[in-house]
Every structure is written in C-alpha cells, then in structure tokens.
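Asks: model this:
(4 chains)
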4 protein chains.
Amino acid sequence: MQTKLVRPEEPGANMRPTDTTEWARFMTDDEYYPFLIKKNIRPAIWRWRDLEPRLSAIAKDKLRRADRRFVALVNSDTGETGGVLPSLFLGIQIINPGEHIVPHRHNSYALYHILRGAGFSIVGDHKFEWSRGDTFACSPWASHEHFNSGDEPAIQYVVQDMPARAIERNLMWEEPIGRMFHMVEGNLPHSD
Amino acid sequence: MQTKLVRPEEPGANMRPTDTTEWARFMTDDEYYPFLIKKNIRPAIWRWRDLEPRLSAIAKDKLRRADRRFVALVNSDTGETGGVLPSLFLGIQIINPGEHIVPHRHNSYALYHILRGAGFSIVGDHKFEWSRGDTFACSPWASHEHFNSGDEPAIQYVVQDMPARAIERNLMWEEPIGRMFHMVEGNLPHSD
Amino acid sequence: MQTKLVRPEEPGANMRPTDTTEWARFMTDDEYYPFLIKKNIRPAIWRWRDLEPRLSAIAKDKLRRADRRFVALVNSDTGETGGVLPSLFLGIQIINPGEHIVPHRHNSYALYHILRGAGFSIVGDHKFEWSRGDTFACSPWASHEHFNSGDEPAIQYVVQDMPARAIERNLMWEEPIGRMFHMVEGNLPHSD
Amino acid sequence: MQTKLVRPEEPGANMRPTDTTEWARFMTDDEYYPFLIKKNIRPAIWRWRDLEPRLSAIAKDKLRRADRRFVALVNSDTGETGGVLPSLFLGIQIINPGEHIVPHRHNSYALYHILRGAGFSIVGDHKFEWSRGDTFACSPWASHEHFNSGDEPAIQYVVQDMPARAIERNLMWEEPIGRMFHMVEGNLPHSD
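Replies: Model prediction:
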C-alpha cells in the first residue's frame, strides 16, 4: 500500500489494515467436493427404559440458579452439529415439584410437549398452565420460564433448532434477562 | 442481440433466448426492509382435550393407499411456511391395530416419539420395535413405513423440517418408492 | 381450573393464565399438504443495463445517518421470503467517494465482492482495504462499516442470509451499536 | 420381545429388529452446551491477485465430461460445513471459449454474476444470454448448463447453498440427467 494522508474524519484512522487472512483458502473442484460431502446419518432409537434412569439421576441434583434439567438425545453421526438430527435438538426435561426454571430467551425456538405432571410456563406475555398431552410453542426471542406447581415430577419433551443456529453462528442468547450475547466459543449460558 | 451463425454442436441451438423475466424486480433500501420484516410469531398452545377428538375422528376414516393419519398443529402466525413454528412441522399420527403406513421417503427428516401403543417401523435398513416413551429418528432420504402390531391405537408425536424444505423449494419426495419428484406446486404425495 | 392458593414466591403470581390461543390451529393431512406446497421459483435474470441507472439514481440521494445505498434484486416468486432466491438477499451497494456506511451488526452474514472502485471496510477487529475483484466475508454478529477512500463511486455485490433469518424470526440487529433488537414487525434499522 | 406369530401380510416379516443403536447417545446439560457451542468465524478476505493465477491454472486443464471449472473460496473456520460462510458456497468459475458445462441439477440453488466474458446458460426452460454485469438465478432443481459463445474466457461468480444442504444431509443431485442420488458419503457428481 502506498502511504496516504489520513483525513481526521476517516473511520479506523488508527487501525492497521489486514492484508491477508490465513484462514481464507482456495480449493479446486476436485478438492472441494470430497471435503463437502458428509457421512450419512444412520437412523437411531433411544429407549424409554434407558432414558428414565438418567432423568431420575439428574432430578436428584440441586438445581443451580439458571440451570435446565435436561437429558439431550444426540446422534453421534451428526458430528459438529450435535443434534438428534443435523439441525435439531431434543432434550427431555424433568422438573421437581416447586422447582422453577428461571426466565431466559434465545433466538432458537422451543417446542414443548408434556409427557408427565402439571405446572405452568410463562412464555412472552402468556402464562400457560399445562398437564400431560398439552403442547406449546415458544417463538424465537420470547422469554420463557417453567414452574412445577404439581405434586409429582413434570417431564417435558423439548425440541429446539439450537444446532442449526449454532452451526451457522447466528445463535443469540439472553440469560439472565439483561445479559445478551452471541453464543459462540467463550460464551455459555448459566456458567455460574 | 445481433444475429450469429449457430454452430451445430452448440447446446440449445433451437431455443429462443429469454431477454427479460418480469418477475425479476429491483427494490431500494427503503422499499426492501418493510417488505422483508415479518409479523412476530405469538406463543401458542394446543390442548390434548382438543386434539384427542380430532384423532378419534380421523382414525375412523378408511386408510387410503399411501395416506398418513395425522393431525397437524399449525400456528397461523407462521404464514406461508405453515408450521407449528416457522420452519417446523408437528403432526400427531394415529395408527389403528393392523394398519400399515406404506414406505416412502423425503429429504426432510422425521423424529418420532411414541405417546401410546406399540408397533414397529422400518427405517432404512433398520426395523425398530417401539412402545410408549421410545423415540426414534428417521434421517433425510431414509425410507420409512410404520405398522401397528398391537391391540390398541398407536399414537406418534412426529416432528419434521418439511416447512423449511418447502419454503426453500428444496423438498424432494419419493412415493411410492420408485416415483421421485420435486415437491412444489403441482406435485403432491399420495394424490390417488 | 380450580382455584388454588398462590404461594408468594411463585413466579407470575399476578398473571392471568391463557387457556386458548386462537391462532393455534389443527389441520388434517388433506388440508395440510396443499397448504404447505409452494409455487415453484422461476429462474430469473437481472441485466446490468437495467441495474446501472438505478444505482446512479440512488447515488444522487443524500446519505442519511445509518442508511445503506443498495438496490435489492428480488424474485417475486419468492413470496414472503422476499429474496433473490428463497433464503437469500442480493443487494448491489454504491458508495460515493468520501461516504461512510456507519457501523452496525446483525446475526445474518454478509459476503462482499468489489465490482468497482476502492475503499476499506472495518469488519470486527479487521480493517480490509479493497479494490475491484476482492471478496471479503463478514461473519454473523461482526460489526461492519464501509468507507470509499477512492476517487470514483465504489460498487459492492453483497449477498446475505437476511431472508432466511427473517422468515424464521431469528434475525437480530444492533444499530446503532448499543441498540440491539429482534428484527420483527415494528422494528426497522435506521428508521430515523 | 416375546415371540409372536408373524402374519404373512406383515411388512418386514423377515427382518431382525434392531434393539440398540450405539450411535444414539444421552448427554446432560453440562455435557451438551460445551459440545454444541462453536468457534466463532473470523472475517476473511480473498484477493483477486491471488485468485487470478488459480483461475488461469485450472483453465489450462482439459475439461472432463461433467466437470465444473471453479475455484472455491473457503473459510477454514467453517469446519465441517466447508463454505465461505457456514452455510454458503462461493465458487469462481472460468469457462473457455467454446466450452460447455453440461446439464445437471441439484436441490441447492445457484446465483450467477458475470465478471468477465459472454455466453449463455440454459436454466430450466430458459436460455439466458449473458455478459459482464448480468446476474441470473438458478432455482433449486432447475437443470442448468453453461456455454461460452464469446472469444475470451468467461468468469462467473457463483453462490450456492450446498454447504447448508450437505450438513443437513438433504442435498439431492441429478448428474447426468437421469441419474438421481442423495449426495452423502459414497456419492459424488462427475466421478468419471
């Protein structure tokens, strides 16, 4: 670059230009296709008989301030995306009577189906009381919190598009409400 | 265009060029943003008490050759995408004892959770026997079929990314096996 | 719901529960498929001879505080998604000598190719000086601003996934830096 | 499973059930989040001065039957997705005078901008003649082929959503026309 007189109003006047970014690569057709094409995902099954003891185990742990209480069902074939399917998260959440999953929000959606128990959730401006068989949807960026107001553990079957948002690096999070961040390496929710 | 002598080996030698495609528009910044920005999706709830009679009703219909037996839960706010959430399909499927949902496949995935009953599914090369509480995943393009081998109606909670594939116009389908097609206007599965 | 004594520590103690959300629908298989399947997208072409006068026209307008100077190429067949293709935005941006597109960021990515002119962009921690033929990528949530430091108008060919983020309602924006918001109905960038 | 008399009409009567799929894992909240969260993508730049010699080099190779002639711009930070950005492919294609990129199609879209030269493309039912500055869009599943009918090499700037389709394992391909396949491990286009 030739030297140039920087006008004072010019943005970034004190920044040194980056000429080369070593992580920017060139690949030929012959190199690119084999690199792009992925392992096929094998069909998979998760048995209730295997899941139930894991739910019972986590239900005994003390609930931390902003924790969730879920067991994630992950197909190893999904590799980096880390989901039950390549762009999908499935978590089974157990909430003990009187427990409160405190409010937070994210730009991934969440779809809840009640497998057991009764309680309520506050989703955006709505308070949904729920019991077995009910389904409710939390839209992207709607704040949500859950409360078990019943007498037995409540179990929710929860589907989210977190893996799609994470792999595309467009996952945004707010937790606790008031602390918003881009969910990439170095940032984790409820890392108290 | 000036006239040009067409060499016989040239592809499309007999095709008349398209100069203008009227559906190709230009928009300024001021026009584009209001057009792009969408209605927010309100949180929504679907009650089991409302779903159950609908499942009972469709279970009484005769099962057609390649039909499914589902009730879809749709949030009207999703507009054109037509899902329980903007890129997600949720269908509750009921299968009577002895009924067979015949094989088909698509490049959208399907995630099954058994709410009631027992049976089996053939997913790709695997035969999964299932009962209440089990979860299994059908990967994109894996052929799948379902059979109720029990004595009571089986109910599956089924999540798919059909709306994402449909809105992006990359939904592919094969039904019956051997008839593959691009699922856009004019093509429907099991349209017997 | 039967009346229940609300414990003072219970969240949402003063909220009235929502029993029914009218926008939550049920659809049968026969209703759902025709609703889901979309118009095919026709191939389309945008000519430079039609684009250039539009760029010249917007280049004569005064640049407002946080404006962009782009012409968007939109295929009408994309309907609600509003893109050059169903999940893709293409804008051609023209920047006059000395003009500054001020910093902002969003969780959609942006890919720039320089068609004409010279200048620099500050993208996250990097200052990239560019001229014709160079390509640079702005990752999701990286702040970016552009400056034409040359003597002729600069033209950038800019691809973004804004339509995908908007239709899924997971588009997040910060503009000016410090004002972060969920980009849905009611919120627009640079609405001065 | 207890033994059961298989009725002859039962599907999969001769298949042995799969009880366990070892690639189906369970993870707790504490294990899942660190696994899900990805490296941030650094902004990157690809210079024309580095790209041009690579284009000249591939232009000297003999064009194979169904080959493309592109150089892909890849950001190493995108990891498994392998794109210029996490869900996006960018390839610069060079076509010599008289060369023909033969017809094929895929459910990923392709967006072409002409940087240099003149020729035509047949996209679905349309024949588009193009020269520098023109932009045209090939919709998912539209067949496309390109021909350089001019006197100098033609250069196209081509954006596709191949990485998104590949990572989600919903990429479908037809090449040559008549041979359709699911683009996962084991299948490659033009592998002559």
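
Asks: ok, the most centrally placed residue in chain A - contacts?
Replies: The C-alpha lying nearest the average C-alpha coordinate of chain A belongs to A:Met162 (Cα atoms, centre = their mean; 3.8 Å). Listed by Cβ atoms under 8 Å, 6 or more residues apart in numbering or on different chains, the contact set of A:Met162 reads A:Gly83, A:Phe89, A:His106, A:Ser108, A:Leu171, D:Leu36. Just so you know, the C-beta spots here come from the backbone N, C-alpha and C atoms, and that holds for glycine as well.

Asks: measure it to C:Ala44 for me?
Replies: A:Met162 sits 34 Å away from C:Ala44, going by Cβ to Cβ, to the nearest Å.

Asks: and if you look at A:Thr20?
Replies: Distance, A:Thr20 to C:Ala44, by Cβ to Cβ: 37 Å.

Asks: compare those two and say which is more crowded by neighbours.
Replies: Legend: neighbour count by other Cβ atoms under 10 Å in any protein chain shown for A:Thr20 and C:Ala44, higher for C:Ala44 (28 against 11).

Asks: B:Phe26 is in contact with that one, correct?
Replies: No - contact between C:Ala44 and B:Phe26 fails when scored by Cβ atoms under 8 Å: they sit 11.6 Å apart.

Asks: which SSE is the residue lying closest to A:Gln160 once chain neighbours are set aside in?
Replies: Leaving out its chain neighbours, the residue that sits closest to A:Gln160 by Cβ to Cβ, 6 or more residues apart in numbering or on different chains is A:Phe89, at 4.3 Å. Per DSSP states H and E: A:Phe89 is located in strand A:89-95.

Asks: CA atoms of that strand as CSV?
Replies: What follows is strand A:89-95, C-alpha atoms only, in CSV (Å, rounded to 0.1, in the frame of the first residue of the first chain):
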residue,chain,number,x,y,z
PHE,A,89,-32.0,-30.5,19.4
LEU,A,90,-34.1,-32.9,21.5
GLY,A,91,-34.0,-32.6,25.3
ILE,A,92,-36.1,-34.3,27.9
GLN,A,93,-36.5,-32.0,30.8
ILE,A,94,-37.6,-33.1,34.3
ILE,A,95,-38.8,-30.5,36.9
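
Asks: longest helix of chain A?
Replies: The longest helix of chain A (DSSP state H) is helix A:48-59.

Asks: could you pull out the buried residues of that one?
Replies: Neighbour counts over helix A:48-59 (16 or more other Cβ atoms under 10 Å in any protein chain shown) mark A:Trp48, A:Leu51, A:Leu55, A:Ile58 as buried.

Asks: what angle sits between the helix or strand of chain A with the lowest mean pLDDT and strand D:89-95?
Replies: One helix or strand of chain A scores below all others by mean pLDDT, DSSP states H and E: helix A:29-36, with a mean of 91. Comparing the axes of helix A:29-36 and strand D:89-95 via axes from the mean of the first three to the mean of the last three Cα atoms, to 10 degrees yields an angle of 160 degrees.

Asks: what does the average pLDDT come to for the helix or strand following helix A:29-36?
Replies: Next along the chain after helix A:29-36, taking DSSP H and E as the criterion, comes strand A:44-46. Across strand A:44-46, pLDDT averages out at 98.

Asks: for chain A, what spans make up the strands?
Replies: Under the criterion DSSP state E, chain A contains strands at A:24-28, A:44-46, A:70-75, A:89-95, A:100-106, A:110-116, A:118-123, A:126-131, A:135-138, A:144-147, A:154-160, A:172-174, A:180-182.

Asks: is stretch A:47-59 anywhere near chain D?
Replies: Yes - judged by Cβ under 8 Å from any Cβ of the partner chain, stretch A:47-59 and chain D are in contact via A:Arg47, A:Asp50, A:Leu51, A:Arg54, A:Ile58.

Asks: can you check stretch A:106-115 too?
Replies: No - residues of stretch A:106-115 are not located near chain D by Cβ under 8 Å from any Cβ, the shortest gap being 10.6 Å.

Asks: quick check: end-to-end length of that stretch?
Replies: One end of stretch A:106-115 to the other measures 24 Å (Cα to Cα, to the nearest Å).

Asks: what average pLDDT does it get?
Replies: Stretch A:106-115 comes out at a mean pLDDT of 98.

Asks: tell me how far it lies from the chain's centre.
Replies: On the basis of Cα atoms, centre = their mean, to the nearest Å, stretch A:106-115 sits 10 Å off its chain's mean C-alpha point.

Asks: stretch A:105-117 too?
Replies: With Cα atoms, centre = their mean as the basis, stretch A:105-117 stands 11 Å off its chain's centre.

Asks: start and end of that stretch, how far apart?
Replies: Termini of stretch A:105-117 sit 24 Å apart (Cα to Cα).

Asks: hang on, the earlier thing: got the contact list for the strand holding A:Phe89?
Replies: So strand A:89-95 is contacted by A:51, A:55, A:58-59, A:68-73, A:83-84, A:101, A:108, A:115, A:117, A:119, A:146-148, A:153-163, B:111, B:135, D:29, D:32, D:36 (Cβ under 8 Å, 6+ apart).
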